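Novice: Let's see this in three dimensions:
(chains A, B, C and D, ligands or ions: 4)
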Amino acid sequence: MTHRANRTLRVEGLARVEGEGSLRVRSVDGRVESVELIIYEPPRFFEAFLRGRDFREPPDITARVCGICPVAYQLSSCRAVEDACGVEVGDELRALRRLLYCGEWISSHALHIYLLHAPDFLGFPDAIAMAGEHRGLLERGLALKKAGNLIMTAIGGRAIHPVNVRVGGFYRVPEPAELRALTETLKRALDDALATVRWAAEFDFPGVEVPYDLLALRDSEGYPLDRGEPVADTGLRFTASEFKTHVTEQQVQYSTALHARLDGRMYLTGPLARYSLNSDRLSALAANAAAEAGLGPRCRDPFRSIVVRAVEVVYAVEEALRIIEGYERPRAPFIDVEPREAIGHGITEAPRGLLYHRYQLGADGRIVTADIVPPTSQNQPAIEHDVARLVEQHADLDDHALVSLCERAIRNHDPCISCSSHFLDFTREDR
Amino acid sequence: MLSIAVWKFTSCDGCQLTLLDCEDELLPLARQVRFAHFTEMTSVSEPGPYDISFVEGSVTTPAEAERIQRIRERSTVLVVIGACATSGGIQALRNFADVEEFRSVVYARPEYIETLATSTAIADHVEVDYELRGCPIDKGQLLEVVTALAAGREPDLPETSVCTDCKRRGLTCVLVAHGTPCLGPVTHTGCGALCPAVNRGCYGCFGPMKQPNVPALLPLLRRSGMGDDELQMVFATFNAAAEWS
Amino acid sequence: MKPGDWLPLPYRVSRRVRETGDVVTLTLAPDGRSLPGFLPGQFAMLYAPGVGEVPISVSAIPGDGTLVHTIRAVGAVSGALHDARTGTVLGVRGPFGTPWRADGREDLLVVAGGIGLAPLRPVIRNTVARSPDRRLVLIAGARTPADLPYRRELDELSTRDGADVVLTVDRAAGHWTGRVGFVTEPLAVHPLDPDRTTALLCGPEPMMRFCARTLLDRGVPAERIEVSLERNMQCGIGSCGHCQLGPLLLCRTGPVVGYHVAEPLLMVKEL
Amino acid sequence: MNAVLDLAGLDALIGALRTSGRTVIGPVLRDGAICLDELTSAADLPSGWGVDAGPGHYRVHRREDTAVFGHSAGPQSWKRFLHPPRRALVTSGPDGFRPVREDPVDHAFVGVRPCDLAAIGKLRQIVGGPMPFVVAAECTEPGGVCFCASMGCGPSASGGYDLALTERIDEEGHRFFAVAGTHAGAELLDRLPGRPASERDFAQARSDVEGAARRMGRAMPDTDLRALLAANREHPRWAEVAGRCFTCGNCTMVCPTCFCVSTEDTNDLDGGAQRSQRWASCFEIDFSVLHGGAVRTSGAARYRQWMSHKLGTWHDQFGTSGCVGCGRCIAWCPAGIDITEEAAALADGVVR
Ligand SMILES: Cc1cc2nc3c(=O)[nH]c(=O)nc-3n(C[C@H](O)[C@H](O)[C@H](O)COP(=O)(O)OP(=O)(O)OC[C@H]3O[C@@H](n4cnc5c(N)ncnc54)[C@H](O)[C@@H]3O)c2cc1C
Ligand code: SF4
Ligand code: SF4
Ligand code: SF4
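Specialist: Ligands and ions are numbered 1, 2, ... in the order given. You can find the predicted model right below:
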């Protein structure tokens, strides 16, 4: 028992998160004085070098921000450029995009659930050690992840940085047979996804509730993935073009990622927000699985995000099966997109939450300015807040136990540090 | 049992994710190798030395330039993975721009940000044993390196054009048959000709092949509709700082 | 493709003799079926399972069904073969290639550089065993004294009547009191009768070219100079295409080639 | 034995080959080119599609008629089936070495043009393997890069086929003059719904094919190519071509006779290994590697190897030319390097 009044906790090199970051917590007299999620991931200046590039390049270029959710970058950027150019793809191409996105959700969530997050609940340093005792479990997780990757490979050519996405649609649209070849695998994946919900529901959860506002997209139909309007649980609702009037970003000295606020308030985006604002839009099967897992219509417990992710996997697999079943090869793989002098906005639901892109185009089709707000920088203040609360509540724990609790608190949000560091507000904000 | 370490420098994580994307091979692999350091996957971190180090990412900060030296010292074989590590990656676009301007354009408080003026390949800093190209790398090539080194053989990593694999796959040349600009004839093979397979021209994400004849390609790209600006850009993206000529 | 052509037979390392720091001689005994007999100059494709397959000449022909190969470790495959312990199973295909044409009665001049002595060793041994009165001149070079293989055998040979053994090294070291310099130097002066000499050359290509030049200058006709050429070989049966040297497919029309055929080809850069 | 088939007869031919258990391969339109793929019926054939081909250029276009064989050589050749791009050879493990036995596919090739028929012969001479059932399509319409006539490999099929068809569309309809080249071909033809061929049918077919010989897009210089190449190993033209050549290997990959392979080992994760081969090209630097480096590093040397082998040293090695004049290497070379033009330049002593 090491209840010390003043202490500094440090985690150098957070493990099992995407990207590189560390954590520093300082407490004085049991009160947390500061929590710093330090993202030392070096900046890559995407927004700076997008200037002057051709309007057709953002899907390929911005995908490289993040190897974990490239499809999110590709689709947010496509939507933003198409918005600027005043076009929208038809239902058939949209369905194919949604299918591709389902693939990414399945793969990214399965990665997080099985390889990054579950070892926390079961007390292993990593998934391979976990497989020592629960081989079947990891095999199930990997099979699920593979099913997601197969969708991305079938449509995108490869799972990481797919090559087939372009402004206006795709370079080549698959033959129905190519997609239907996935059906059997996806049916098995659906069983695995349901089993994943039941399994995750049994974990021990410390039972915390977070107080922040929740922000997610809401689509006119279905659970939000590839489109929708931002809504908050405060009743706030705005269009993509108003994103930056509500979401503001600030630079902090210790991190290469910016911190975002929603109308000045701390907020959360990602599975918890998405689920809490859209649980009525789940398919019957997914909703049922959620209910059986004990999730109410809303979930504010970040530890339970693993269950929410599992429910979202059920939804994504089912959705993929539905799209494949109804798939007919679109007549043209893409629509023509002519550049014009305009500003466009695009928001989609990346596995980790809202991903906003904004491009200002010149008449010649060159990008004049670019702005990207990824989910992790939006969540960063909330993550730090979670950590602070835990440290206060569990001040009686020894450093080792407390540190691992803090690490878990961070992993709950599946932060993608690689993404978050690359996006800093493009416009200068000196405050 | 080989000990393997995976290191991240300035990058997007995609290349190391390729290891976790080996869904069918990960468990069999784990019987042959030990992950002694791989932050994305495990909390375990051994001090080394390591039999094989995979290094993802480019060097863009003074701290990284320091760190790669220590990793090299502790690694028997050092394999660089992906365009960032082999040529500086997309962030090497700064090498041709004013990084101070980049920094101030992107950051409200540029003085907080420590960065180098260039993004450089790992081989510019330490000796490298093998190079896996691509943005991202190819899973098959990654497994090839691991299995070859485990078996004591040379990994089979051809250095020829994408065309050779395009033809082995039986694809139709998009440049010749569709007039689509394609960098395949000068690009290092290894991806399995992904882009031509979706009726797209290769955009060079594996970087230049050995002895690329770029001057001979320029007129063909022009003929298939690329303007000077586009020509500039197509070589200056994922492997901007590589030796295209 | 006829798969049989590509299927190695298992042979077991029955003896391993260290020749120099990076050279060993392996005796391989068939582990079941055995291959047809080899002639001096011919080679086998030796397979280190899971590592790779490379061409290696026979360095002795015991006649009891075993194969003898001398291997210098220069890369992954030759390294794995070099490291193979007694009892290891290797894959063998062969015999491939053309033999030395050295059956006549005329004087035999053998010039070897480094590991190039290995393919010539069966000729030397046959001559000693079968034609004791035939004049035999051996000029062998190596980088250093320690790189000269088969030292005991060479010393024995040098005591034989009618056999001249000239050894030379690029760099002297240790107790070396012999010659220092390239093989071309003794070759240029060593007594020989150009009208009745057959010369067999094996070693690095530039060495063979210089030696052949020297011999031509001394009046030995190109038709009576034979060289063993080296190119990348992956099949041994003329169907992988790698071993081409102009019109030649060296695994079939080589490796032993008359210098009258080889010279015009070797003169062309990067052929 | 000969007969005249209509389209239904051709369909019956494909059907009969399929019922006999063969996998029927023939031309189909795919990705804007005439590719080779499995045929399930005559309806899969590229009816009414023709080809415009030039150096580094290939486009399919609509024909005015519905000819199914009215196109010249496409991006693929029959090599793909006789000598696949990748093939496992041997596995090794604790139980020794075993050949990898693939289930043999009994192929029937439909629509083999005479140049390709010659190529099949040359290729099999080197790589062996079972002979497929071959239905040749005599060439009545050469393309812009064809020069088989000057290589003595077309436009008429001179043997090596089971059946040869000559397609004709005129006022009398769409039909195929069919000749059997083997006993098996005759037997099959006998069972097909056709009418006996007349003298006139025969004469028409012959004159159509003879006409094709006069319409070849190109010709190889009429000289002893073997001697020409042997005499010009140091010609400055090689360095000049190297300026245009990508050394990308496309020409060798599309060539119906280029047979070179590289072998490689792959290790599975459980201690076993497999040796396999894949198409290789003399344009790959690694192709000529020796301990210490590659022999042919310059583009000039690699281009010289390819052309000298095709037209020259193939004679020394295999007693025949390695080129059949199909023109693929001209069309599918992205840089449009033309083997006939390069040969002519050597023959005329021209340096660009
Ligand atoms: C006909 C012939 C006979 C030979 N006899 C002997 C002998 O008796 N003893 C001996 O030690 N060496 C001999 N060699 C040379 C030996 O084959 C090479 O040293 C060996 O291939 C090197 O392979 P590696 O993988 O160890 O080296 P690396 O340098 O890693 O070679 C990589 C690949 O290149 C090819 N390669 C490299 N060097 C050669 C080469 N010299 N010849 C052919 N292919 C090569 C092989 O395909 C090899 O797998 C002979 C070569 C030939 C052609
Ligand atoms: S074809 Fe070119 S751009 Fe496409 S994946 Fe391959 S190397 Fe990358
Ligand atoms: S060399 Fe060219 S024209 Fe000749 S057979 Fe080969 S591809 Fe056809
Ligand atoms: S031209 Fe080149 S690839 Fe073709 S068969 Fe000859 S050596 Fe082989």
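
Novice: Now the one residue in the stretch 151-300 of chain A that gets nearest to ligand 1: closest residue in space, sequence neighbours ignored.
Specialist: Residue of the stretch 151-300 of chain A nearest ligand 1, by Cβ to the nearest ligand atom: A:R158 (29.9 Å). C-beta: built from backbone N, CA, C; applies to glycine. Spatially, and ignoring its direct neighbours in sequence, A:R158 is nearest to B:L194 (5.8 Å; Cβ to Cβ, 6 or more residues apart in numbering or on different chains).

Novice: So which residues on chain D come close to ligand 1?
Specialist: D:V289, D:L290, D:H291 (Cβ under 6 Å from any ligand atom).

Novice: Swap in 8 Å and give it another go.
Specialist: Contacts of chain D with ligand 1, taken as Cβ under 8 Å from any ligand atom, map to D:D286, D:V289, D:L290, D:H291, D:G292.

Novice: Give the burial count for the last one, as a bare number.
Specialist: By the measure other Cβ atoms under 10 Å in any protein chain shown, the count of residues near D:G292 is 9.

Novice: Quick check: end-to-end length of stretch B:197-213?
Specialist: Stretch B:197-213 has an end-to-end distance of 23 Å (criterion: Cα to Cα, to the nearest Å).

Novice: near chain D, anything from it?
Specialist: Yes: judged by Cβ under 8 Å from any Cβ of the partner chain, stretch B:197-213 and chain D are in contact via B:N199, B:K210, B:Q211, B:P212, B:N213.

Novice: where's the last one relative to D:T297, distance?
Specialist: Computed as Cβ to Cβ, to the nearest Å, the B:N213 to D:T297 distance reads 14 Å.

Novice: How confident is the prediction for residue 241, by pLDDT?
Specialist: Unless you meant another one, I'm taking chain A. At A:S241, the model reports a pLDDT of 94.

Novice: meant chain D, my bad for not saying
Specialist: For D:V241, the pLDDT comes out at 97.

Novice: pLDDT at the residue lying closest to it once chain neighbours are set aside, what is it?
Specialist: Using Cβ to Cβ, 6+ apart and skipping residues adjacent in sequence, the residue nearest D:V241 is D:Y303, 5.1 Å away. Note for D:Y303: predicted pLDDT of 98.

Novice: wait, what's in contact with D:Y303?
Specialist: Listed by Cβ atoms under 8 Å, 6 or more residues apart in numbering or on different chains, the contact set of D:Y303 reads D:W238, D:V241, D:A242, D:C245, D:T247, D:F283, D:I337.

Novice: Please repeat the previous calculation with a cut-off of 7 Å.
Specialist: D:W238, D:V241, D:A242, D:C245 (Cβ atoms under 7 Å, 6 or more residues apart in numbering or on different chains).

Novice: tell me which element the first one is part of?
Specialist: Assigned by DSSP states H and E, D:W238 belongs to helix D:237-244.

Novice: Which SSE is immediately downstream of that helix?
Specialist: Next along from helix D:237-244, by DSSP H and E: helix D:250-254.

Novice: Helix, strand, or coil at D:V110?
Specialist: strand (DSSP: H, G, I helix; E, B strand; the rest coil).

Novice: give the contact list for the nearest residue to it once chain neighbours are set aside.
Specialist: The shortest distance from D:V110 to any residue other than its chain neighbours is 3.8 Å, reached at D:G26 (Cβ to Cβ, 6+ apart). Contacts of D:G26 were listed using Cβ under 7 Å, 6+ apart, and they are D:L36, D:L39, D:L45, D:V110, D:G111.

Novice: where in the stretch 101-250 of chain A is pLDDT low?
Specialist: Scanning the stretch 101-250 of chain A for pLDDT under 70 picks out no residues.

Novice: mind listing the helices in it by residue range?
Specialist: Remark: helices assigned in the stretch 101-250 of chain A by DSSP state H, counting those that start in this stretch are A:118-122, A:127-133, A:135-156, A:176-180, A:183-201, A:243-246.

Novice: out of those, which comes closest to ligand 3?
Specialist: Nearest of the helices of the stretch 101-250 of chain A (Cβ to the nearest ligand atom): helix A:176-180, 31.0 Å.

Novice: which residue packs closest to the residue nearest the centre of chain C, ignoring adjacent ones?
Specialist: In chain C, the centroid-proximal residue (Cα atoms, centre = their mean) is C:P119; its distance is 2.0 Å. Distance criterion Cβ to Cβ, 6+ apart; nearest residue to C:P119, sequence neighbours excluded, is C:S57 at 3.6 Å.

Novice: which residues touch that neighbour?
Specialist: C:G41, C:Q42, C:F43, C:A118, C:P119.

Novice: who does it bridge with?
Specialist: C:F43 (DSSP bridges).

Novice: now the host helix or strand of B:R31, how far from the chain's geometric center?
Specialist: Using DSSP H and E, B:R31 sits in helix B:26-32. Mean-position distance between helix B:26-32 and its chain equals 24 Å (Cα atoms, centre = their mean, to the nearest Å).

Novice: Give me the below-cutoff pLDDT ranges for chain B.
Specialist: The low-confidence ranges in chain B, as defined by pLDDT under 70, are B:97-115.

Novice: Could you pull out the strands in it for me?
Specialist: Assigned by DSSP state E, the strands in chain B fall at B:2-8, B:33-38, B:50-56, B:75-81, B:130-132.

Novice: so how far is A:M130 from whatever residue of chain B ends up closest to chain A?
Specialist: Residue nearest to chain A within chain B: B:G14 (2.1 Å; Cβ to the nearest Cβ). Distance of B:G14 to A:M130, given as Cβ to Cβ: 24 Å.

Novice: cool, D:A73 as well?
Specialist: Distance, D:A73 to A:M130, by Cβ to Cβ: 56 Å.

Novice: do D:E172 as well
Specialist: Using Cβ to Cβ, D:E172 is found at 76 Å from A:M130.

Novice: what about the two, which has more around it?
Specialist: Shown here are D:E172 and A:M130; by other Cβ under 10 Å, A:M130 has more neighbours (21 against 10).

Novice: For the nearest residue to the more buried one once chain neighbours are set aside, grab the count of nearby residues.
Specialist: Distances taken as Cβ to Cβ, 6+ apart put A:F124 closest to A:M130, at 4.2 Å, once the chain neighbours are dropped. A total of 19 residues lie near A:F124 under the criterion other Cβ under 10 Å.

Novice: Would you list the phi and psi of A:F124?
Specialist: phi -120, psi 150 (degrees, to the nearest 10).

Novice: on that earlier part again, determine which two of the contacts of D:G26 are furthest apart.
Specialist: Farthest-apart pair in the contacts of D:G26 is D:L36 and D:L45; separation 11.4 Å (Cβ to Cβ).

Novice: Identify the contacts common to these two.
Specialist: Residues touching both D:L36 and D:L45 (Cβ under 7 Å, 6+ apart): D:G26, D:P27.

Novice: who's in contact with residue 75?
Specialist: No chain in the question, so chain A it is. By Cβ under 7 Å, 6+ apart, A:L75 lies in contact with A:R97, A:Y101, A:D226, A:T348.

Novice: look at chain D instead
Specialist: So D:P75 contacts B:T172, B:C173, B:A177, D:A33, D:C35, D:V254, D:W332 (Cβ under 7 Å, 6+ apart).

Novice: Quick one: mean pLDDT over stretch A:6-23.
Specialist: On average, stretch A:6-23 scores 69.
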